[in-house]
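# Show me how the following folds:
(chains A and B)
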Amino acid sequence: MLDKFTKLCYTNLMKMKDIIKEWLKESTGLPVEVATTRNPKLGDYTTNIAFSTGGDPRENARNILSNIKGKPDIVEKIETKNGFINIFLSKSALLGVIDTVRREGEFYGSCNKGDGRRILLEFVSANPTGPLEVPNGRAASIGDCLYRVLSFMGYSVDREYYVDNCGRQIKLLAESINARMSGEDVPEGRYRGDYINELSDEVRVLKPRDLEKFAVETILSQQRKTLTDFGVEFTNWVRESEIRKICPDIIGKLRKGGFIYEKDDAVWFTASSFGDEKDKVLIKSDGEFTYLTPDIAYHINKFERGYDTLIDILGPDHLGHILSLKGALEALGYPAGNLIVLISQWVTILEDGKKKRMSKREGRFVTLDEIISTIGKDVAKFIFLTRKRDSHLVFDMDVAKKESKENPVYYIQYAYARMSGIEGVARERGVGIDDSKTALLGNEEEMNILRKLIHFPEVLEEVERTFEPNHIPTYLTELASLFHTFYERHRVVSGDRDLSGARLALTAVIKQVLGNGLSLLGITAPERM
RNA sequence: GCGCCUGUAGCUCAAUAGGAUAGAGCAUCGGAUUUCUAAUCCGAGGGCUGGGGGUUCGAUUCCCUCCAGGCGUACCA
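A predicted model of the protein is given here:
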């Protein structure tokens, strides 16, 4: 039995948690759940099984422990404390992570959990009525990171941007440009801002036949450039005008299913029978579709293209129609439960210590371009990805500018660059990595690093489970901190050739994991700073 | 009014399926560099986790209630 676990360990070291779980299950006969311990002094893994069996947990834990016979090689010791059963990994098991990372390299942390299942990730999808703003940057960061992580975990992920190139806001855009061209002030409720002036100038020169289309496509290409500068790419750009073509068919199907009725010259969907507050209009009395109609069609179109799971990252302003959308999908027999809607909360901008009330129509907004040029994309992404999606994040422009020089992202990047520096020194002195000498490692700082490295795959699984990227920045900061502490206390390249070789292996592995993590965040890993 | 989200250190945020002493960064104060990058390290202070109930061996986490803020509650998107 022990051999089996040992073998498992070396073929797939990242699953040590599972190995321990299996071992405890087999030897106790209890439905054991294993968790990562927060405090390394309390071991590497822990189980609270003794709390759920009734009676005194401390006594239970001791009884359970005394019944466990033997242990896999990866376990150094197992002990109880306060009713918890704590498992300490052996030094050789911890050292094994070096081999694993050295072998797997840029794939360390990846897995095949997704098994090729197809996910369509829709995010940003800003109206083509102006430049991308700060909240779009937040959604872009999160969407891009989820794309990278889910792909890393074996899902087949496409990224899509939905372009609302129809509807009222496009008419308002055209009116704004027309007003500007004729030298008038832009009327109330229309779009203002320098970009409208620039567009007007272009229109004056180019005299496009279709003003609306010209304006939309021009703005869209600017948005695309912003995203490229931000390091975020999309697989597809889907225009609402294309989706509208299939709307009559969708409405026909809904009507056939009895989910449609007419009232006040409008066409209604029976959303209230699917849990929504009230029924929703699909075709207005003027014959135009509402926003909801093409959105239903779009999501049906997504399922029809063969995706297993649809993920939408939306702003909180879209809360109102999620239930209707899911209701319509359900009505037409699509798996509404496979549509996962993630709400990326607003960003409050503070400027000069005051809340900046954002309004694109009034020309008051902070663009993503501005953020990229003032604080840089790495800092911006890190700020966005450190927060949970649901938190109402406060983006203080003054602090962001000031801290762009001392942002935590540099803490991680600096650790990475420092290790590059060490590699350079090692090369100069003719010292190389020696994987065969890693047993020489063993001080507290080194062991803490190894313990942390083991948990990287678990962090990614957490991101996959919760769709919350923020665990990665937290983890990387902790790992970088452990490295910096190690660096202050011990020399990597020293007169001791064997120890130097072992420590170079260790730093190579830390660097690899930091690099993998930064890459999943879409943040650069600089060789020097 | 109703629905969803949020409320944690002076500030910005964490807390891995309810776990052990609630953690980081910034700010404040005190230390560390003849040695691989000081964008670093070590230490100190700072908390009735918005208030009040409840469930539990155990609650920042779950339930109820109140307070504060955001969003939604359109034949806007």
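# for the longest helix anywhere in chain A, what is the average pLDDT?
The longest helix of chain A (DSSP state H) is helix A:497-521. When pLDDT is averaged over helix A:497-521, the result is 97.
# what's the answer for stretch A:110-126, then?
95.
# Stretch A:474-486 too?
96.
# Other residues contacting it?
Stretch A:474-486 has contacts (Cβ atoms under 8 Å, 6 or more residues apart in numbering) with A:386, A:408, A:411-412, A:414-416, A:418-419, A:445-446, A:448-449, A:452-453, A:455-456, A:459, A:507, A:510, A:513-514, A:517-518, A:521. Heads up, the C-betas are built off the backbone N, CA and C, glycines and all.
# And for stretch A:161-179?
Contacts to stretch A:161-179, defined as Cβ under 8 Å, 6+ apart, come from residues A:122-125, A:127-129, A:185-187, A:189-192, A:196, A:199-200, A:203, A:211-213, A:215-216, A:220, A:234, A:236-241, A:244, A:288, A:291, A:294, A:298, A:361.
# hmm, back to that, could I get the buried residue list for the longest helix of chain A?
Applying a neighbour-count criterion of 16 or more other Cβ atoms under 10 Å, one finds A:499-518, A:520-521 buried in helix A:497-521.
# can you tell if that helix touches RNA strand B?
No - using Cβ under 7 Å from any atom of the strand, helix A:497-521 stays clear of RNA strand B, coming no nearer than 7.8 Å.
# rewinding a little: buried among the contacts of stretch A:161-179? Need that as a selection in PyMOL.
The buried residues among these can be selected in PyMOL (16+ other Cβ under 10 Å) with this line:
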select buried, chain A and resi 122+123+124+125+127+128+129+186+190+191+192+196+199+200+203+211+215+216+220+234+238+239+240+244+291+294+298+361
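# Go back to the contacts of stretch A:161-179 and keep what's next to RNA strand B.
Restricting the contacts of stretch A:161-179 to those near RNA strand B - Cβ under 7 Å from any atom of the strand - leaves A:127, A:240, A:288, A:291.
# Narrow the contacts of stretch A:161-179 to those in strands?
Assigned to strands by DSSP state E, the following of the contacts of stretch A:161-179 qualify: A:122, A:236-239.
# would you turn those into TSV with distance to A:Ser141?
Shown next, in TSV, are these (distance: Cβ to Cβ, whole Å):
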residue	distance to A:Ser141
A:Glu122	15
A:Asn236	20
A:Trp237	19
A:Val238	21
A:Arg239	24
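# one step back: now a PyMOL select for only the buried ones of the contacts of stretch A:474-486.
Buried members of the contacts of stretch A:474-486 can be picked out in PyMOL with the line below, counting by 16+ other Cβ under 10 Å:
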select buried, chain A and resi 386+408+412+415+416+418+419+445+446+448+449+452+453+455+456+459+507+510+513+514+517+518+521
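# Mind checking which of the contacts of stretch A:474-486 land in strands?
Using DSSP E, none of the contacts of stretch A:474-486 sit in strands.
# quick one, strands of the stretch 301-450 of chain A?
A:309-314, A:339-343, A:347-351, A:354-356, A:393-396 (DSSP state E, counting those that start in this stretch).
# And the longest one, what's buried?
Burial within strand A:309-314, assessed by neighbour count using 16+ other Cβ under 10 Å, is assigned to A:309-314.
# Nearest to RNA strand B among those residues?
A:Leu314 (9.0 Å; Cβ to the nearest atom of the strand).
# who does the closest one bridge with?
Using DSSP bridges, the beta-bridge partners of A:Leu314 come out as A:Ile343.
# Let me know the pLDDT of it.
94.
# which residues touch it?
A:125, A:322, A:341-344.
# With respect to RNA strand B, which of the strands of the stretch 301-450 of chain A lies nearest?
strand A:393-396 (3.4 Å).
# element containing A:Thr46, please.
strand A:45-47 (DSSP states H and E).
# pLDDT on the helix or strand that comes right after that strand, on average?
Counting by DSSP H and E, the element after strand A:45-47 in chain order, helix or strand, is helix A:57-67. For helix A:57-67, the mean per-residue pLDDT is 89.
# Helix A:57-67 vs RNA strand B: in contact?
Yes - applying Cβ under 7 Å from any atom of the strand, one finds helix A:57-67 in contact with RNA strand B at A:Pro57.
# Give me the below-cutoff pLDDT ranges for the stretch 301-450 of chain A.
Low-confidence segments of the stretch 301-450 of chain A (pLDDT under 70): A:403-404.
# Residues of it that sit close to RNA strand B?
Contacts of the stretch 301-450 of chain A with RNA strand B, taken as Cβ under 7 Å from any atom of the strand, map to A:316-321, A:343, A:345-346, A:386-388, A:390-394, A:396, A:399, A:403, A:405-406, A:408, A:410-411, A:414, A:417-418, A:420-422, A:424-425.
# Would you list the buried entries among the residues you listed?
A:318, A:321, A:343, A:345, A:386-387, A:393, A:403, A:408, A:410, A:417-418, A:420, A:422.
# In stretch A:70-84, which residues are buried?
By 16+ other Cβ under 10 Å, the buried positions in stretch A:70-84 come out as A:71-76, A:78, A:80, A:83-84.
# Stretch A:283-299 too?
Buried, per 16+ other Cβ under 10 Å, within stretch A:283-299: A:283, A:289-299.
# Can you measure across it, start residue to end residue?
18 Å (Cα to Cα, to the nearest Å).
# and A:Thr37, how many residues sit next to it?
Neighbourhood size, A:Thr37 [other Cβ atoms under 10 Å]: 18.
# An error on my part: the question was meant for A:Arg38.
For A:Arg38, using other Cβ under 10 Å, the count is 8.
# Check A:Ile119 too.
For A:Ile119, using other Cβ under 10 Å, the count is 21.
# Remind me what the helix or strand hosting it packs against, helices and strands.
Assigned by DSSP H and E, A:Ile119 belongs to strand A:118-122. Applying 3 or more Cβ pairs under 8 Å, 6 or more residues apart in numbering; DSSP states H and E, one finds that strand A:118-122 contacts helix A:134-152, strand A:156-163, strand A:309-314.
# Most tightly packed of the ones you listed?
helix A:134-152 (a mean of 25; mean count of other Cβ atoms under 10 Å).
# how about low-confidence regions in the stretch 101-250 of chain A?
Using pLDDT under 70, the stretch 101-250 of chain A has no residue that qualifies.
# can you list the residues of it near RNA strand B?
So the stretch 101-250 of chain A meets RNA strand B at A:127, A:164, A:166-169, A:240 (Cβ under 7 Å from any atom of the strand).
# from those, which would you call buried?
By neighbour count, with 16+ other Cβ under 10 Å, those hold A:127, A:164, A:166-167, A:169, A:240 as buried.
# need those in CSV with distance to A:Phe382, can you?
Converted to CSV, these look like this (distance: Cβ to Cβ, whole Å):
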residue, distance to A:Phe382
A:Asn127, 27
A:Asp164, 30
A:Cys166, 36
A:Gly167, 35
A:Gln169, 32
A:Glu240, 33
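# all helices of the stretch 151-300 of chain A, in order?
For the stretch 151-300 of chain A, applying DSSP state H, counting those that start in this stretch gives helices covering A:168-181, A:194-206, A:211-230, A:240-243, A:247-256, A:292-304.
# Please identify the deepest-packed of these.
Among the helices of the stretch 151-300 of chain A, highest average neighbours (mean count of other Cβ under 10 Å) belong to helix A:292-304, with a mean of 21.
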